[in-house]
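1. Quick one, fold the following:
(2 chains)
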Amino acid sequence: MTGRFNGLATFVFAALILLFSGGPVLLSLYGSLVPDRVLLTEGQSLFTEGPNFETYRYVFTGQLPDSYNMESANRAMISDAARQVPQALVNSSVNALASMVLNLILGAPAAFIFARYAFPGKKVSFLYLILSPLVPAVALVTPIYILMQAMNLVGTPIGIILVHTARALPFTVLILSVFFRKIPAEIFEAALLDHCNRFQTFWRVAVPLALPSIGATGLFAFMLSYSEFMFAMLLSGSSSTRPVSVVMAALARNTDVSWSLLNTAIFIAIVPTLILVVLVWRFVVEGLLSGAVKG
Amino acid sequence: MWTINRYPGFWLLPALLPVILMTVYPIGHALWTSLHEVMILFPGEPFVGLRNYERVMSGSYFGVALRNSLVFTLIAAPSVVIIGTLMALFLQRRFLGSQVVRSVVLLPWVLPGAISAVLWVWVFHPSFGFLNGLMLDLGLISSPIGWLTNPRTALGAVIVAHVWTQIPFAVVLMMAALSAINGEVLEAAVIDARSPFQRFRYIVWPEIKSMVVVLLVYNALTAFTSYDIVYAMTGGGPGTATTLLSFQIWRESFSMYDFGAGSAVAFIVVLISALLIVAITKALPSDLFAGSE
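-> Have a look, this model is predicted:
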């Protein structure tokens, strides 16, 4: 689109972005591959000691790392919570996927109507949606717990999914309506001439055209649920339904726990979402950049 | 825009009902609590009017927590939007490895707050932190700095970590907004507008303005009510250097068991958030809200 771009500047910007966005995660990978003593000893590093996968082995099989089986080792540094990470990953993924799908199914029609039509009560409905997230989650913890208890949903994934869906929905509708508004009006007029009814216009014209944007919005709903902590903690019951944000918070607040084990848990927790994000992201970005929303 | 004469409930209620369920009763309950004396230790919940509000506002922590939250929001929200927009503008270009960079940008997004907090605690760690190591090697400092334990740097450090977690979302939405700009307009702009800055100011900016407003509002809200990452990194310390208003809600409610006071702080937060939103939408008028009338 533009002419020439300074190659060096591109390289510098790209390197800065990589360092800023990816640096801390690389540090965590590094930390997971070396025992604590290497971190704390001057002159020792991954490159002098070689990678060490004992903490990974512990998380998946429960076999203790060799260095903690020694007489003087501090057993408290190995926390059982790390062993909950694989199950927690599954729990979080299920919750987040459900919340994402619900958000798109429930939110897209509303966003379409807001973007394309004038109707009585529009302003009130829209204002209600965009103002409701104003109230901080901390303030609503107690009443929402009471509400969930009344519906018998405490300790079940459904409770968490419901809360996450409701908390993401206003943003889903807002973002999607911005995207639907970008579709040129001529396209909808053409659909009208072809005798599409409102639902057909939505389903066969608007949705396919905005698919990459819908993907991006779905990803947003997924992430909101995946990383949400407060309600996840409040509403998850036993360790078998606990999502990853709760397990990781327990690990992170435990100051005794070994850095190596903590970083291993972090890295294992990153991988599955990373795969999902790369897949969805490629679809979203390629779709967006090839101009699917253009007229 | 077409007109429908009756309320399209079939289209709207699926989205509105879950939100209403999760807001009407909880907000009503919180508002009621903020006007009553609700303490676990004392039976009875007498109506006290605005006394909870007076009490928390004259409390010793309130002023400093309000100041910290405002500084946090006023630095974090614009930083996220500006850095996110710059990254999105840059990532539109294709170059060797651009796909990799586009994926790596998303990394902070996939991490729950607690994990991001641990990563940044490590970056800022005084004895084996990356930042201190780098600055020592470059000769910028002579002894390690305890970024998170020094009252003068702690707030800045948690802002960096918060901004880091919020940037990917801004980049995604901004890239989407940028790519929706008509290519022919841009080509014409290359001929008409002389400098890249002019092109941005007159061609790109009007197109992405509503998205900037959405992002600013969203980020002002997230920053002003942010809780988990700051709590996991510093717990509000050292002293009160990173104590935010959102901690006050939690502290009053769940440490002091004074739910009335906790809810009062929450509604002060709501009020200030609303003022922030009005300020943003007034400063950057866009068709976003006008279009809904």
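
2. element containing whatever residue of the stretch 1-150 of chain A ends up closest to chain B, please.
-> Minimum separation of the stretch 1-150 of chain A from chain B (Cβ to the nearest Cβ) falls at A:Ala139, amounting to 3.0 Å. Using the backbone N, CA and C atoms, a C-beta is placed for each residue, glycine as well. Following DSSP states H and E, one finds A:Ala139 within helix A:137-150.

3. Return the per-residue confidence for A:Ser99.
-> Per-residue pLDDT puts A:Ser99 at 95.

4. Going along the chain, name the strands of the stretch 1-150 of chain B.
-> B:2-3 (DSSP state E, counting those that start in this stretch).

5. which stretches of it form helices?
-> For the stretch 1-150 of chain B, applying DSSP state H, counting those that start in this stretch gives helices covering B:9-34, B:51-58, B:62-91, B:98-104, B:113-124, B:130-138.

6. what is the mean pLDDT for the third one?
-> To tie it back to what came earlier, the one meant is helix B:62-91. On average, helix B:62-91 scores 92.

7. Next: the second one.
-> This predicted structure assigns helix B:51-58 an average pLDDT of 86.

8. In chain B, which residue sits nearest chain A?
-> B:Ala266 (3.0 Å).

9. by how many degrees do the one helix or strand that residue maps to and helix B:9-34 diverge?
-> Counting by DSSP H and E, the element that carries B:Ala266 is helix B:259-283. Put simply, helix B:259-283 runs at 130 degrees to helix B:9-34, going by axes from the mean of the first three to the mean of the last three Cα atoms, to 10 degrees.

10. buried stuff in helix B:259-283?
-> Neighbour-count burial for helix B:259-283, counted by 16 or more other Cβ atoms under 10 Å in any protein chain shown, picks out B:259-270, B:272-273, B:276-277, B:280-281.

11. Show me what that helix is packed up against.
-> helix A:137-150, helix B:9-34, helix B:51-58, helix B:62-91, helix B:205-224, helix B:245-250 (3 or more Cβ pairs under 8 Å, 6 or more residues apart in numbering or on different chains; DSSP states H and E).

12. right, is the fourth one up against chain A?
-> Yes - if you take Cβ under 8 Å from any Cβ of the partner chain as the test, helix B:62-91 does meet chain A, through B:87, B:90-91.

13. May I ask which of these has the most neighbours?
-> Using other Cβ atoms under 10 Å in any protein chain shown as the neighbour test, the residues of helix B:62-91 next to chain A are led by B:Met87, with 24 neighbours.

14. what secondary structure does the closest residue to that residue other than its chain neighbours sit in?
-> What sits nearest to B:Met87 in space, not counting adjacent residues and going by Cβ to Cβ, 6 or more residues apart in numbering or on different chains, is B:Val171, at 5.0 Å. Following DSSP: H, G, I helix; E, B strand; the rest coil, B:Val171 is assigned to helix.

15. With B:Trp147 as the reference, measure out to the closest residue to B:Gly129 other than its chain neighbours.
-> Nearest residue to B:Gly129 in three dimensions, chain neighbours excluded: B:Val123, at 5.8 Å (Cβ to Cβ, 6+ apart). From B:Val123 across to B:Trp147, the span is 8 Å (Cβ to Cβ, to the nearest Å).

16. anything in contact with each of those two?
-> B:129, B:131 (Cβ atoms under 8 Å, 6 or more residues apart in numbering or on different chains).

17. just for the stretch 151-293 of chain B, where's the confidence low?
-> B:193-194, B:286-293 (pLDDT under 70).

18. Correction: the previous question concerned the stretch 51-200 of chain A.
-> Using pLDDT under 70, the stretch 51-200 of chain A drops low at A:62, A:65-79.

19. One more pass at 90, please.
-> Residue ranges of the stretch 51-200 of chain A with pLDDT under 90: A:51-90, A:92-93, A:115-151, A:153-157, A:171, A:174-200.

20. chain center to the helix holding B:Ala266, what's the gap?
-> Distance, stretch centre to chain centre, for helix B:259-283: 13 Å (Cα atoms, centre = their mean, to the nearest Å).

21. how far off helix B:62-91 does that helix point, in degrees?
-> 40 degrees.

22. related to what we said a few turns ago, quick one: neighbours of the residue nearest to B:Met87, just the number.
-> 26.

23. how far away is it from B:Ile82?
-> Following Cβ to Cβ, the distance that separates B:Val171 from B:Ile82 is 12 Å.

24. for A:Arg57, same thing?
-> A:Arg57 is 44 Å from B:Ile82, by Cβ to Cβ.

25. cool, and B:Leu21?
-> For B:Leu21 relative to B:Ile82 (Cβ to Cβ), the value is 37 Å.

26. For these two, indicate the residue with more neighbours.
-> B:Leu21 (16 against 13).

27. In contact with the more buried one, which residues?
-> A:147, A:166.

28. how near is it to A:Gly237?
-> According to Cβ to Cβ, B:Leu21 stands 21 Å off from A:Gly237.

29. For the nearest residue to A:Ile175 once chain neighbours are set aside, give me its contacts.
-> Spatial nearest neighbour of A:Ile175, chain neighbours left out: A:Thr217 (5.1 Å); criterion: Cβ to Cβ, 6+ apart. For A:Thr217, the contact set (Cβ under 8 Å, 6+ apart) comprises A:103-104, A:107, A:172, A:175-176, A:179.

30. quick check, nearest of the residues of helix B:62-91 next to chain A to B:Gly129?
-> Distance to B:Gly129, by Cβ to Cβ, is smallest for B:Met87 among the residues of helix B:62-91 next to chain A, at 24.9 Å.

31. my guess is that closest one contacts A:Ile17, does it?
-> Yes - at 6.1 Å, B:Met87 counts as touching A:Ile17 under the criterion of Cβ atoms under 8 Å.

32. anything in contact with each of the two?
-> B:Val105.

33. As a check, name the ranges of all strands in the stretch 51-200 of chain A.
-> Using DSSP E, counting those that start in this stretch, strands in the stretch 51-200 of chain A cover A:117-118.

34. any idea where the helices of it begin and end?
-> A:54-61, A:85-116, A:122-131, A:137-150, A:157-182, A:185-193, A:198-200.

35. on that earlier part again, and the residue nearest to B:Gly129, how many neighbours?
-> Neighbours around B:Val123, by other Cβ under 10 Å: 22.

36. From B:Met135, how far off is it?
-> B:Val123 sits 12 Å away from B:Met135, going by Cβ to Cβ.

37. what do you get for A:Arg57?
-> Counting by Cβ to Cβ - A:Arg57 and B:Met135 are separated by 36 Å.

38. Count the residues that sit near A:Gln200.
-> If we define neighbours as other Cβ under 10 Å, then A:Gln200 has 13 of them.

39. so it sits right up against A:Ala206, yeah?
-> No - with contact defined as Cβ under 8 Å, A:Gln200 does not count as touching A:Ala206 (10.0 Å).

40. picking that back up, most packed of the helices and strands packed on helix B:259-283?
-> helix B:245-250 (a mean of 26; mean count of other Cβ atoms under 10 Å in any protein chain shown).

41. Just give me how far that one sits from the chain centre.
-> 15 Å.

42. Return the alpha-carbon coordinates of that helix using CSV.
-> Output in CSV follows, covering the C-alpha atoms of helix B:245-250 (Å, rounded to 0.1, in the frame of the first residue of the first chain):
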residue,chain,number,x,y,z
LEU,B,245,-9.7,1.7,44.9
SER,B,246,-10.7,-1.8,43.8
PHE,B,247,-8.6,-3.2,46.7
GLN,B,248,-10.6,-0.9,49.0
ILE,B,249,-13.8,-2.6,48.0
TRP,B,250,-12.4,-6.0,48.7
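
43. Packing partners of it?
-> By 3+ Cβ pairs under 8 Å, 6+ apart, helix B:245-250 packs against helix A:137-150, helix B:62-91, helix B:259-283.
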